[in-house]
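# Could you work out the structure for the sequence below:
(one chain, ligands or ions: 1)
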Amino acid sequence: MDKIVIEGGRPLDGRIEVSAAKNAALPVMAAALLTAEPLDLDNVPDLADISSMRRLLQLLGVDVTHKAGEPGHMVLHCRELLSTTAPYDLVRKMRASVLALGPLLARAGEAWVSLPGGCAIGTRPIDIHLAGLEAMGAKIDLDAGYVHATTPRGLTGAEYLMPQVSVGATENLMMAATLARGTTVLHNCAREPEIVDLADCLNAMGARIAGAGTAHVTIEGVEALQGARHRVIPDRIETGTYVMAAGISRGRIELAGADTRLFGDALGRLRATGLVIDETEDGLVVDGRERRLDGVDVMTQPFPGFATDLQAQFMALMCVADGAAMITETIFENRFMHVPELLRMGARINVQGSSALVRGVEGLKGAPVMATDLRASVSLVLAGLAAEGTTEVNRVYHLDRGYAGLESKLRTCGARLERVA
Ligand code: UD1
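A predicted model of the protein is given here:
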């Protein structure tokens, strides 16, 4: 298995092009299932998760084409559905496959979607997705590890209060409701920028969605959706990761295409550490050269709160801060898998339940490490950039799921790292 070998201790200095958001691209790709016309997507990132979604959609009957010379341009065309099953092998590899459930049910009146099972960061059930679809008239059965959803009388608009904020459930229900009879009102919705991006795409396809980005989303069902062209938003998690790469290495990075408005509260927390983040004409510039960063407490929350997908990277940053930081994870129950690995690099971290107290140290030391999920893996890359000596990050396939061109982007800024088989 590949690993990334990093020679740390060099301030990064350079310019990085921010890629499009994986978590925005995946749901808009699933939206292609809702129409018989082509959905033209610009700015789709080149990632393993995107390939997994492409494979699933192809299996379901979507023609996927790319225009030569236009990287990131993808046309998805589902003239008719060839299958209504999202199989275990694909769902197991990529949980976002459950985003096929709402669209399949809305278009075909039936869906078989494998239950995803647990994952490295927690149990992650899909009960809210299912309860919302039931509220819209779906009949849900569990059979051999699969959810079998049918709509004996078609989906009907409903009012549904989500018991907990869920990004995926908001997306699935919003997509299903676009083709339901009547009006659906969803309460306690996730407000992430990726939800707004999906609603923009669906509205361009002829859907009638209002309120995306707030806790209350209203969807007036329509007879059919059409094709559309849509550009995927920049990746705020990738952006935040490179902001912290500049911080942890005491360097300076320009991030072209970054959009600070997508950060939510994370922007203020990052600035509170002493990182200087300024907007530029085409993105932002982050400067961490001035001084050692301060310890800052964060608690993960649904958007606009501090993103759980930035928690591991922020913890790596706090490992070398001046002072202590209390990091509390409220979204996933098991998202401190990076802690034992950071400890191996000389970090001082105490975990009590859902909180980790990080006491900053002067410097980290390189070590062989490995992580069990995407964001934890990249937090170890960040730690390796700051550490003295050699860090080997194993299980690189996690990084390929979510960071397009990670090594080349970091290398452009002077990082010394390579992938070895
Ligand atoms: C999405 C993101 C993921 C991010 C997460 C939280 C994508 C492809 N993935 O995941 O990167 O970390 O949002 O910002 O966009 N829950 C239930 N029942 C449900 C659904 C969720 O209990 O039916 C719980 C989850 O276990 C978790 C919390 O709700 O504890 C939030 O999960 P959710 O927002 O649904 O995350 P995802 O959409 O899976």
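
# Which single residue of this structure ends up nearest the ligand?
Using CB to the nearest ligand atom, the single residue of the chain nearest to the ligand is residue 168, 2.8 Å away. Where C-beta positions appear, they are placed from N, C-alpha and C, glycine not excepted.

# Would you map the helices across the stretch 251-400 of the chain?
For the stretch 251-400 of the chain, the helices defined by DSSP state H, counting those that start in this stretch cover 266-272, 311-319, 339-344, 374-386, 397-402.

# what would those look like in JSON lines with mean neighbour count, distance to the ligand and mean pLDDT?
Formatted as JSON lines, the helices of the stretch 251-400 of the chain follow (neighbours: other CB atoms under 10 Å; distance: least, CB to the nearest ligand atom, whole Å; pLDDT from 0 to 100):
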{"stretch": "helix 266-272", "mean neighbour count": "19", "distance to the ligand": "12", "mean pLDDT": "97"}
{"stretch": "helix 311-319", "mean neighbour count": "29", "distance to the ligand": "9", "mean pLDDT": "98"}
{"stretch": "helix 339-344", "mean neighbour count": "20", "distance to the ligand": "18", "mean pLDDT": "97"}
{"stretch": "helix 374-386", "mean neighbour count": "28", "distance to the ligand": "8", "mean pLDDT": "97"}
{"stretch": "helix 397-402", "mean neighbour count": "20", "distance to the ligand": "8", "mean pLDDT": "90"}
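
# Reformat the ones you listed as CSV; add distance to residue 83.
Converted to CSV, those look like this (distance: least, CB to CB, whole Å):
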stretch, distance to residue 83
helix 266-272, 40
helix 311-319, 36
helix 339-344, 40
helix 374-386, 28
helix 397-402, 24
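
# Give me the pLDDT value at the residue of the chain closest to the ligand.
Note on residue 168: pLDDT of 97.

# so who does it touch?
95, 96, 98, 99, 126, 129 (CB atoms under 8 Å, 6 or more residues apart in numbering).

# repeat for residue 250
Counted by CB under 8 Å, 6+ apart, residue 250 has contacts 11, 288, 289, 292.

# Between these, identify the one with the most neighbours.
residue 288 (27 neighbours; other CB atoms under 10 Å).

# So the nearest residue to it once chain neighbours are set aside, which state does it fall into?
Distances taken as CB to CB, 6 or more residues apart in numbering put residue 247 closest to residue 288, at 4.1 Å, once the chain neighbours are dropped. Here residue 247 is recorded as helix under DSSP: H, G, I helix; E, B strand; the rest coil.

# quick one: contacts for residue 247?
Per CB under 8 Å, 6+ apart, neighbours of residue 247: 270, 273, 275, 286, 288, 293, 317.

# how much space between the third one and residue 256?
Spelled out, it's residue 275. 18 Å (CB to CB, to the nearest Å).

# Those two: who's more crowded?
residue 275 (21 against 15).

# wait, that one sits on residue 249?
No. The pair residue 275 and residue 249 does not pass the contact test of CB atoms under 8 Å, sitting 11.7 Å apart.

# which residues are common contacts for these two?
Joint contacts of residue 275 and residue 249 (CB under 8 Å, 6+ apart) are residue 288.

# Out of the helices of the stretch 251-400 of the chain, the one nearest residue 48 is which?
Residue 48 lies closest, by CB to CB, to one member of the helices of the stretch 251-400 of the chain: helix 397-402, at 4.6 Å.

# Which elements pack onto that closest one?
The elements that helix 397-402 packs onto, with contact taken as 3 or more CB pairs under 8 Å, 6 or more residues apart in numbering; DSSP states H and E, are helix 48-60, helix 374-386.

# Now do the following helix or strand past it: which elements does it pack against?
Once the chain leaves helix 397-402, the next helix or strand it forms, by DSSP states H and E, is helix 406-412. If you count contacts as 3+ CB pairs under 8 Å, 6+ apart, helix 406-412 packs onto strand 13-17, helix 374-386, strand 416-420.
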